[in-house]
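Peer 1: Generate a structure from the sequence data that follows.
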Amino acid sequence: MQLPGFDYQRVPVADGVSLNVAVAGTGHPVVLLHGFPQTHLMWRHVAADLATDHTVICPDLRGYGASDKPADEGGAYSKRTMAADVVAVARALGHPRFALAGHDRGALVAIRAGLDHPDAVTRLASLDVLPTLDMWDVLHGVSASVAFHLYLMAQPPGLPETMIAGAPDEFFGYFLDLWARDPSAVPPDVRAEYLRASREAIPSIVADYRASATVDVTDDAASRAAGAVLRMPVTVLQQDWGAALGYDATAVWRPWAPDLTHVTVTCGHFMAEEAPAEVIKHLRGMLV
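Peer 2: Predicted coordinates for the structure are as follows:
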């Protein structure tokens, strides 16, 4: 499946890895990064709207969709590496500076891109995720059961890949069902595409999550120790996680993002598909 009206190309990024990238529109560039267990298709409503007056760039992250899936070695799936991919894609398309929005896994990549490449990222939006260090900090006791997949995929190579491969559609489909308040927001053809793409990417998806329990923690801890912050304006769209897990989300975000707009939304996790008009409104507000 493709985004109607978008042109597709493969863009080399590093070490022989190329990403599948959809591009449309003209104007100030905006890069949109998808989450799990999705592909760039999750942005289909938002991307079409923004492309009326922006250059919209929608890649599949490395390891997902139609992008390359290198072996899990040498930090291949660290958010630092994946953030460098995003900057490389934008530059290859002629955009040394760009706005950046990410959902879920893509938001973690966006956060690292903002920390590592502040001169490239002009504005940043994060949809329904916490920075890595804070994510692990707030998941404790029985509340951690809502994120059991984080612990499963953090295990060394072998067991998680084998377990997921035993029932991939049930595993990935579980999250599509659990996290959506409006199941109709992911229609059958899109759901089938997400499941197909995920089945074909089990080792790299696990590697992405494993990195968040290893190298990404190290990188984020080093950034925090150094006092690094997101220097650009940051917009966070988030469900009311604090009500369920007992923390103040705005207070969690503030040390990372001094110029912060934090918005609590009432839709499910897949907000770009469940509430695209609301997401478009806030992204356009960020882009003004």
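Peer 1: Would you verify that residue 31 is located in a helix?
Peer 2: No. Assigned with DSSP: H, G, I helix; E, B strand; the rest coil, residue 31 falls outside any helix and is strand.
Peer 1: What residues are bridge-paired with residue 7?
Peer 2: Beta-bridge partners of residue 7, counted by DSSP bridges, are residue 23.
Peer 1: what's around it, how many residues?
Peer 2: 10 (other Cβ atoms under 10 Å). From N, CA and C alone the C-beta is placed, and that goes for glycine too.
Peer 1: quick one: terminal-to-terminal distance for stretch 252-265?
Peer 2: 17 Å (Cα to Cα, to the nearest Å).
Peer 1: Please state the mean pLDDT value computed over it.
Peer 2: The average of the pLDDT scores along stretch 252-265 is 96.
Peer 1: Quick check: residue 151 vs residue 140, distance?
Peer 2: 12 Å (Cβ to Cβ, to the nearest Å).
Peer 1: Neighbour count for those two, which is higher?
Peer 2: Taking neighbours as other Cβ under 10 Å, residue 151 and residue 140 compare with residue 151 leading, 14 against 10.
Peer 1: for the more buried one, what are its contacts?
Peer 2: With contact taken as Cβ atoms under 8 Å, 6 or more residues apart in numbering, residue 151 is in contact with residue 144.
Peer 1: so which strand or helix has the residue nearest to the spatial centre of the chain?
Peer 2: The residue lying closest to the centre of the chain (Cα atoms, centre = their mean) is residue 106, at 1.3 Å. Per DSSP states H and E: residue 106 is located in helix 105-116.
Peer 1: List the contacts of that helix.
Peer 2: With Cβ under 8 Å, 6+ apart, helix 105-116 has contacts from 32-36, 61, 79-80, 82-84, 86-87, 100-102, 120-121, 124-129, 131-132, 208, 212, 216, 219-220, 223, 228-232, 234, 256.
Peer 1: Across the sheet, point out what pairs with residue 262.
Peer 2: Bridge pairing for residue 262 - DSSP bridges - gives residue 236.
Peer 1: any idea how far residue 251 is from it?
Peer 2: Where residue 251 is concerned, residue 262 sits at a distance of 10 Å (Cβ to Cβ).
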